[in-house]
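Colleague: Just need the structure, nothing else, for what follows:
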Amino acid sequence: MSSPGGFGRRRFLKVSVLAGGGLMLGVGYLAPRASDAASGPFVPNAWISVHPDGRVVLICPRNEMGQDVRTSLTMLLAEELAVDPLTVTVEEAPPDPVYLNRLMGSQITGGSTSIRDAWEPLRKAGATARTMLVAAAAARWGVSAADCRADNGRVLHGSRSVAYGALAADAARLPVPDQVPLKSAREFSVIGKPLPRLDGADKARGRAIFGIDMRQPGMAYAALTTCPVLGGRVASFDATEALKRAGVRKVVDIGEGVAVIADHYWVAHSALADLRIQWDEGPGAELDTAAIYAQLERAQNRPGALVKHSGDAAAVLGSKKPIRATYSAQMLAHVALEPPNCVARVSERGVDVWASTQFPQGALAAAAQEAALDPGAVRVHPQFIGGGFGRRLDVDFIRQAVAIAKAMPGTPVQLIWTREDDVTHDFYRPPSLQLLSAVLEGGRIDAFAYKLISPSITNRMFPGAVKDGIDGFMTEGLVNFSYDIPHLELRTVIQEVGIRVGYWRSVSNALNAFAIESFVDELAHAAGRDPVAFRIAMLGALPRQRAVLECAAKTAGFAARPSPGRAFGVASLECYDSHLALVAELSGTADRLKLEKLTYAVDCGIAVHPDQVIAQIESGAVTGLINALRAKVTVRNGRVEQSNFDSFPIPRMPEVPPIEVVLIPSDATPGGIGEAGVPLVAPAIANALFALTGTRVRTLPLEDAGVKFA
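Modeller: The predicted model follows:
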């Protein structure tokens with residue numbers, strides 16, 4: 001079985017870092033290096049420093065946005081360095097090529113890659129430091145390093161011991177070893193063990209500094225109004241009345257909108273109502289939802305790019321009467337709890353940016369470009385992120401903040417978006433259309449064809465990265481298609497629709513899983529087969545995927561014919577190198593449905609921080625409910641019709657059912673987990689809905705089909 005489009009996320013981001021000819025930073029791996037300062041900290045590599053006072057500092061190369069990457073990466077380091085992870089100080093990495101995410105090609109937090117990327121390098125960094133510290137102690141005592149051992153921040157030999165801090169200067173003088181042994185899984189004492197999250201106490205007590213919490217001396221505040229039509233610009237404006245308000249300092253035209261700078265945020269925000277603006281709405285004023293989906297429908301006959309195939313699906317489908325279905329999914333906003341914000345200062349020293357960002361390199365490039373400065377004159381200070389979900393991969397709000405701050409040289413200015421700004425000017429989850437057809441033979445799928453039609457996020461964000469019509473993010477859920485089918489043909493068609501689209505948690509895995517897993521359920525019904533057994537019969541070559549499916553069904557008490565008024569739906573997927581299955585249990589009637597329970601079985605390889613793996617799956621389940629139930633973004637006359645949580649509803653606490661997560665023990669290399677809980681929610685619920693009511697819903701959100709969830 002071949003996968004001509006199967007390079008996924010691992011290569012394409014290396015092509016370019018920023019649209020419009022922005023900064024391209026190198027992607028080399030920095031070899032460990034020793035500190036030159038004998039009296040200073042021991043710095044064996046770019047991630048670790050051991051200080052004479054005993055402090056161990058991890059420079060965290062990924063940004064914290066709720067996924068607790070600080071704890072998990074610290075555990076990797078602590079395991080090999082032989083220190084208590086609770087004693088490690090964590091600092092955020094600045095933009096630097098050494099901290100690139102090798103699976104993404106840039107310094108990006110996303111793609112469920114943080115653990116997968118750091119699994120070997122960060123453990124090697126810890127092992128290298130430990131080896132050098134042990135060697136320093138052995139030399140001091142005049143003994144063999146093989147007779148010494150490291151434990152809890154100390155080197156021991158018989159009854160003697162010495163703390164790492166006391167060895168820092170000696171270790172810094174030693175040559176850095178080229179190769180160091182790593183522990184085997186059976187030797188782990190930190191990885192896989194329970195541990196409180198390292199930032200939990202600060203977050204619980206309000207001490208953690210998110211972007212919106214950032215304060216700088218003499219800081220001013222900015223509020224921005226942009227054209228209500230997507231892509232529109234300022235034609236003219238009158239700021240006379242706004243400038244009369246006490247506390248207003250300046251009014252600035254940045255092209256796409258007008259900003260008010262004031263002593264306090266509420267003053268700046270209130271003064272926006274005083275502006276008299278004429279907008280150039282541009283061609284976006286012609287856009288509406290119906291036109292968007294009409295463009296997708298017109299692309300149905302295009303062959304697109306072949307992603308994965310086996311046998312001759314076209315011939316089999318052409319010679320027999322296939323079962324066909326068309327699915328579609330809605331646009332979605334990210335609605336992270338913390339709206340976009342940024343503090344920027346433009347001065348003679350260059351530009352400083354304090355921001356919640358998943359993409360420090362992109363933030364640096366955008367700031368440099370906007371200020372017309374060399375990138376070396378820009379300093380980015382990443383902050384905790386109050387929810388990213390892919391929205392913080394875009395840096396539009398950072399560029400805006402720098403543009404506004406240029407009007408107040410030397411003064412830090414904090415730009416804060418409102419929730420309405422956030423919903424109406426997002427980079428939306430792409431709309432999609434999915435075409436499926438299949439032939440059954442002997443109660444199994446003999447031929448299967450699939451075509452995803454949607455805009456390309458990558459075309460916008462990383463020009464040049466899409467080659468031969470293949471967007472590595474559109475192929476998610478296709479290159480990793482897990483069923484063994486003799487004749488298979490999976491394709492993608494890129495069709496732009498005039499909407500700016502962005503990466504939304506789990507990206508195309510959610511689009512493809514909804515259509516494929518729902519259609520597989522349709523085929524099981526057409527074959528007269530139990531939907532679990534139907535899937536298991538196609539997973540002979542994937543024992544890990546089969547195991548999670550069997551486990552989820554058993555744990556949930558899956559039954560093809562449960563008690564009256566109840567039904568189960570199942571969905572199965574391999575994504576981000578993890579294997580998952582989900583059973584949704586539903587009760588009620590079509591006009592009052594109740595989601596009783598979600599039961600996951602997960603094999604993510606070695607679970608570095610098991611508690612957080614479970615938390616991430618639970619979080620992904622809630623995000624999956626946003627995708628599945630009723631949220632959507634629609635456009636009329638170029639304007640997004642939703643503006644806040646009243647019109648873009650997210651699940652409330654009573655709507656979130658019990659979520660059970662079973663982790664299957666595994667010695668496999670860790671898989672990604674941050675997004676993995678999202679994709680299966682919609683198809684599992686849709687399949688349960690069919691089992692309960694006989695109604696097959698092929699569009700998202702499900703409530704658009706007339707059903708109602710309580």
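Colleague: where exactly do the strands run in the stretch 401-550 of the chain?
Modeller: 413-416, 432-441, 444-454, 487-494 (DSSP state E, counting those that start in this stretch).
Colleague: on contacts alone, who are the packing partners of the first one?
Modeller: Using 3 or more C-beta pairs under 8 Å, 6 or more residues apart in numbering; DSSP states H and E as the contact criterion, the elements in contact with strand 413-416 are strand 220-226, strand 341-347, helix 396-405. The way it works is simple: take the backbone N, C-alpha and C, and place the C-beta from them, glycine included.
Colleague: so Q358 makes contact with Q107?
Modeller: No. Using C-beta atoms under 8 Å, Q358 makes no contact with Q107, being 9.5 Å away.
Colleague: Show me which of these two is the more surrounded one.
Modeller: Neighbour count, other C-beta atoms under 10 Å: between Q358 and Q107, Q107 has more, with 29 against 24.
Colleague: Can you tell me the SS state at I212?
Modeller: Put simply, I212 is helix when judged by DSSP: H, G, I helix; E, B strand; the rest coil.
Colleague: so where's this structure shaky on pLDDT?
Modeller: 1-39 (pLDDT under 70).
Colleague: mind listing what the residue lying farthest from the centre of the chain touches?
Modeller: Here the centre of the chain is the reference, and by C-alpha atoms, centre = their mean the most remote residue is G142, at 50.4 Å. G142 sits next to no residue when contact means C-beta atoms under 8 Å, 6 or more residues apart in numbering.
Colleague: Need the residue closest to the centroid of the chain.
Modeller: Geometric middle of the chain (C-alpha atoms, centre = their mean) lands on G110, at 4.0 Å.
Colleague: So it belongs to a strand, correct?
Modeller: No. The assignment for G110 (three-state DSSP) gives coil, which keeps it out of a strand.
Colleague: what's the burial count for the closest residue to P683 other than its chain neighbours?
Modeller: In this structure, P683 finds its nearest non-sequential neighbour in E517, 3.6 Å apart by C-beta to C-beta, 6 or more residues apart in numbering. Around E517 there are 25 other residues, counting by other C-beta under 10 Å.
Colleague: roughly how far apart are E517 and A526?
Modeller: Here E517 is placed at a distance of 15 Å from A526 (C-beta to C-beta, to the nearest Å).
Colleague: and if you look at V466?
Modeller: Separation of V466 from A526 (C-beta to C-beta): 36 Å.
Colleague: Could you do A333 as well?
Modeller: From A333 to A526 the distance is 36 Å (C-beta to C-beta).
Colleague: So which of those two has more stuff around it?
Modeller: More neighbours surround A333 than the other of A333 and A526, with 26 against 12 (other C-beta under 10 Å).
Colleague: wouldn't M219 be in contact with D352 here?
Modeller: No. With contact defined as C-beta under 8 Å, M219 does not reach D352; the gap is 11.6 Å.
Colleague: and the gap between the residue nearest to G387 when sequence neighbours are not counted and L224?
Modeller: Closest residue in space to G387, ignoring its immediate chain neighbours: A336 at 3.1 Å, by C-beta to C-beta, 6+ apart. With distances taken as C-beta to C-beta, A336 is found 18 Å from L224.
Colleague: What of V143?
Modeller: Noted for V143: a distance of 65 Å to L224, by C-beta to C-beta.
Colleague: more neighbours, the two?
Modeller: Neighbour count, other C-beta under 10 Å: between V143 and L224, L224 has more, with 27 against 14.
Colleague: Could you list everything that one pairs with in the sheet?
Modeller: In this entry, L224 is beta-bridged to A259, by DSSP bridges.
Colleague: In contact with it: list those residues for me.
Modeller: 254, 257-260, 272, 400, 404, 415, 417, 421.
Colleague: can you tell me how far it sits from E420?
Modeller: To E420, L224 is 12 Å away according to C-beta to C-beta.
Colleague: domain ranges for this protein?
Modeller: Taking automatic domain parsing as the domain assignment, the ranges for the chain are 28-99+110-203, 211-282+335-422, 299-331+428-705.
Colleague: Am I right that L689 is in contact with L586?
Modeller: Yes. Here L689 reaches L586: they are 6.3 Å apart, a contact under C-beta under 8 Å.
Colleague: Now the residue nearest to the centre of the chain. Its backbone dihedrals?
Modeller: phi 170, psi 180 (degrees, to the nearest 10).
Colleague: and if you look at the one 4 residues further on?
Modeller: As for S114, its main-chain torsions (degrees, to the nearest 10) stand at phi -60, psi -50.
Colleague: Tell me how many other residues crowd it.
Modeller: Neighbour count for S114, taken as other C-beta under 10 Å: 30.
Colleague: residues touching the residue lying closest to it once chain neighbours are set aside, list them.
Modeller: Spatial nearest neighbour of S114, excluding adjacent residues (C-beta to C-beta, 6+ apart): R62 at 4.5 Å. R62 makes contact with 69, 73, 93, 101, 109, 114, 118, according to C-beta under 8 Å, 6+ apart.
Colleague: quick one: the fourth one from Q361, how far?
Modeller: Okay, so that is N101. In this view, N101 and Q361 are 10 Å apart by C-beta to C-beta.
Colleague: the more surrounded of those two?
Modeller: When N101 and Q361 are compared for neighbours, Q361 comes out ahead with 25 against 22, by other C-beta under 10 Å.
Colleague: one step back: anything in contact with each of L689 and L586?
Modeller: In terms of C-beta under 8 Å, 6+ apart, L689 and L586 are both contacted by the residues 567, 569, 593.
Colleague: residues contacting A313?
Modeller: By C-beta under 8 Å, 6+ apart, A313 lies in contact with 447-449, 487-489.
Colleague: V662 reaches T555, doesn't it?
Modeller: Yes. Assessed by C-beta under 8 Å, V662 is found in contact with T555 at 5.5 Å.
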